[in-house]
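build me a structure from this.
(chains A and B)
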Amino acid sequence: MGKLQRLPDRHRTSLAGGATLASSASPAAAITVRGLGKAYATSAGEPIQAVSQVSFDVAVGEFVSIVGPSGCGKTTVLRILAGLVDGYVGSVSIGGRVVHGPTPDIGVVFQDANLMPWRTVLANVTLPGQVLRLEPKACRQRARELLALVGLAGFEAKLPGELSGGMRQRAAIARALLHDPRILLMDEPFGALDAMTRDAMNVELARIASQAGKTVFLITHSIAESVFLSDRVLVMSSRPGRILAEIEIDLPRPRNLDVVADSRFANTVLHIRRLLEQTGGNPRVTLAH
Amino acid sequence: MTATTEASPLPPKRRLSNAQRQVVSDLALTATLCVSAIATWQALVSFGIVSRLVLPLPSSIPASLASLIDSGALLDNLLTTLAEAAAGFTIATGIGLALGALIAEFRVVERIVYPYLIALQTMPKIALAPLLLVWFGFGLGSKIAVAAVISLFPILVNTIAGLKSCEPGRLDVLRALGAGRWDCFRLVKLPNALPFVFAGLSTAVMFALTGALVGEFVGSTQGLGYLIVQANNLMDIPGVFAVLAVLCVVGTAIFGAMQFARRKVLYWAPNEE
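Sure thing, here's the model as predicted:
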């Protein structure tokens, strides 16, 4: 096993942070999306426009969220950024380079933790290292550090089946960070968790993102979550998804849950809620009104 | 907190948990059933209600078994049958896993091979035994062939099902890293398929034993199947039952070994049995 991982191209990305890949990137923009549109064919054959005319930028080190009603094409945007979907119109570049399939510049946290149940927590976190042919010993060392960062120190030898949903999602975050990608894409990472755990995880995520110094692009349908975590929130309409507004969040950092009591927080949440109501999409949004 | 001084008001009596009690009572019932069945059998035969030519006296079977063991015939023939079954099972496992992987991974292979697979699967493979005897001769070859042919399908079908059952989300994790087909296969699909593969192997190992016996029935000069046919021809019914008892023990042992291997390999998957 150990031999297999030491293949010649093991330095394709270095654990030090993919600095070689950054050379051609424009200094400010980590993600640039221009005029993005994507249509899916239904089983009946007629196309469904998932997203249309989506344009935005994410600066290096910025935390940007997309909020929008269910089915508005948020996930499609993320999957295109991750290089998992093609056949779209418009242009997408990551670190100044046009996206042609997946790049190790990115770490993805999916809606489900998607841990491999046969691997220990540690082996799950080192999985990207095996794919990218990184040095196994360095990977294990870094995985331990990341598990400590996400609060899972001491759980290295456990199997995913022995962890709670929140812990599994933490392990998934550690896994996404293993190869030290500069950008973290997160697709409703806490959607399946209960409200209490979700709040706690959001506080953790804010801490992890700032400690790890990553550019984060988060998808959520919780307005409060997006405002709490982000530097900027993109509000997306219902299908076909378009960007309705970009809202700067000028709440001071580091933030804790007390920020919820801040009037600026409440006003911003209300503002976004109004925007979403106008698109007439989401019952979850209008309910609390 | 203060309980340390008054901790032992109850004598340390050994008590069984409810689950343990359940197991004990189940075992007792099973044993009772076994003993009463044998007693009824013994009674039926010794009172002449059932002819000894049809059913031997249960008490005559141990003697028959002992003479088989003493003569060395049992061990020789047992080893022959086990060797045939093991060889057939190994061949079936190799072909089943390789072919299953090719069919699950490559659409072209699937399209070409699948019609034949379905045709072969619906045919009772035991019907091939006489033909295989002609092709591979009276020796071990034809028995290995029958064992392999019969045990191939459960492995093949389960391997295909297992490889195709992979959750797309798990594959996305690898694809997002730019993983190639081989990495997706070895790191996700194959381990993911193992519970299915094991279910197939458990069925197949029993089929392999059956195949070896059927091969021996059709034509052979050694093996437990040969012993059964011989004893049957001589109307040595206790002899037949002695071999059946041995087969019963062997089958149980193989089943136990498979369960043990499953627990070792699939420590992460809940047991379905």
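
please count neighbours and contacts with C-alpha atoms only from this point.
OK.

and the nearest residue to residue B:146 once chain neighbours are set aside, how far from chain A?
Closest residue in space to residue B:146, ignoring its immediate chain neighbours: residue B:211 at 5.2 Å, by Cα to Cα, 6 or more residues apart in numbering or on different chains. From residue B:211 across to chain A, the span is 34 Å (Cα to the nearest Cα, to the nearest Å).

show me what contacts residue B:211?
Residue B:211 makes contacts with B:85, B:126, B:143-144, B:146-148, B:150-151, as judged by Cα atoms under 8 Å, 6 or more residues apart in numbering or on different chains.

and which of the residues you listed is nearest to chain A?
Nearest to chain A, judged by Cα to the nearest Cα, of the contacts of residue B:211 is residue B:151 at 27.0 Å.

what's the first helix or strand after the helix or strand where the closest one lies?
For residue B:151, the host element (DSSP states H and E) is helix B:140-164. Once helix B:140-164 ends, the next helix or strand along the chain (criterion: DSSP H and E) is helix B:168-175.

the next helix or strand after that following helix: how far from the chain's middle?
Remark: after helix B:168-175, the chain's next helix or strand is helix B:181-184, criterion DSSP H and E. Average the C-alpha atoms of helix B:181-184, do the same for its chain, and the two points are 32 Å apart (Cα atoms, centre = their mean, to the nearest Å).

buried sites along helix B:181-184?
B:183-184 (16 or more other Cα atoms under 10 Å in any protein chain shown).

host element of residue A:66?
Element membership for residue A:66, per DSSP H and E: strand A:63-67.

not counting that strand itself, show me its contacts.
By Cα under 8 Å, 6+ apart, strand A:63-67 touches A:58, A:74, A:215-223, A:226, A:229-236.

just put the contacts of residue B:211 in CSV and tack on neighbour count and pLDDT.
As requested, these are arranged in CSV below (neighbours: other Cα atoms under 10 Å in any protein chain shown; pLDDT from 0 to 100):
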residue, neighbour count, pLDDT
B:85, 29, 96
B:126, 17, 88
B:143, 35, 94
B:144, 29, 95
B:146, 34, 95
B:147, 35, 95
B:148, 30, 96
B:150, 28, 94
B:151, 32, 95
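
and the pLDDT for the residue nearest to residue B:146?
pLDDT for residue B:211: 94.

quick one: the helix or strand in which residue A:268 is found to chain centroid distance?
Assigned by DSSP H and E, residue A:268 falls within helix A:263-279. Relative to its parent chain, helix A:263-279 has a centroid offset of 22 Å by Cα atoms, centre = their mean.

now stretch B:177-187
Worked out by Cα atoms, centre = their mean, stretch B:177-187 lies 33 Å from the chain centre.

ok, back up a step: next SSE downstream of the strand holding residue A:66?
Next in sequence after strand A:63-67, counting helices and strands by DSSP H and E, comes helix A:74-81.

hmm, back to that, pick out the most distant pair among the contacts of residue B:211.
Greatest spatial distance among the contacts of residue B:211 (Cα to Cα): B:85 and B:126, at 14.5 Å.

helix or strand for residue B:263, which one?
Using DSSP H and E, residue B:263 maps to helix B:237-265.

average pLDDT across that helix?
Mean predicted confidence for helix B:237-265 is 92.

so which residues of the stretch 51-200 of chain A form helices?
Assigned by DSSP state H, counting those that start in this stretch, the helices in the stretch 51-200 of chain A fall at A:74-81, A:121-125, A:127-131, A:136-149, A:165-177, A:195-212.

how about the ones you listed in a markdown table, adding distance to residue B:53 and mean neighbour count?
Below are those laid out as a markdown table (distance: least, Cα to Cα, whole Å; neighbours: other Cα atoms under 10 Å in any protein chain shown):
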| stretch | distance to residue B:53 | mean neighbour count |
| --- | --- | --- |
| helix A:74-81 | 75 | 23 |
| helix A:121-125 | 64 | 26 |
| helix A:127-131 | 66 | 23 |
| helix A:136-149 | 70 | 19 |
| helix A:165-177 | 65 | 25 |
| helix A:195-212 | 74 | 16 |
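
residues from the stretch 151-289 of chain A in reach of chain B?
Counting by Cα under 8 Å from any Cα of the partner chain, the stretch 151-289 of chain A comes close to chain B at A:159, A:161.

try it again with 10 Å
A:159-162, A:172, A:175-176, A:179 (Cα under 10 Å from any Cα of the partner chain).

hang on, the earlier thing: the helix holding residue B:151 packs against which elements?
Counting contacts by 3 or more Cα pairs under 10 Å, 6 or more residues apart in numbering or on different chains; DSSP states H and E, helix B:140-164 is packed against helix B:73-105, helix B:107-122, helix B:129-136, helix B:190-218.

which of those sits most buried?
helix B:190-218 (a mean of 23; mean count of other Cα atoms under 10 Å in any protein chain shown).

tell me the helix or strand right after it.
That would be, after helix B:190-218 and using DSSP H and E, helix B:224-233.

didn't residue B:55 look like it was pressed against residue B:241?
Yes: the pair residue B:55 / residue B:241 is scored as a contact, 9.0 Å apart, by Cα atoms under 10 Å.

the more surrounded of the two?
Between residue B:55 and residue B:241, residue B:241 has the larger neighbour count (other Cα atoms under 10 Å in any protein chain shown), namely 22 against 15.
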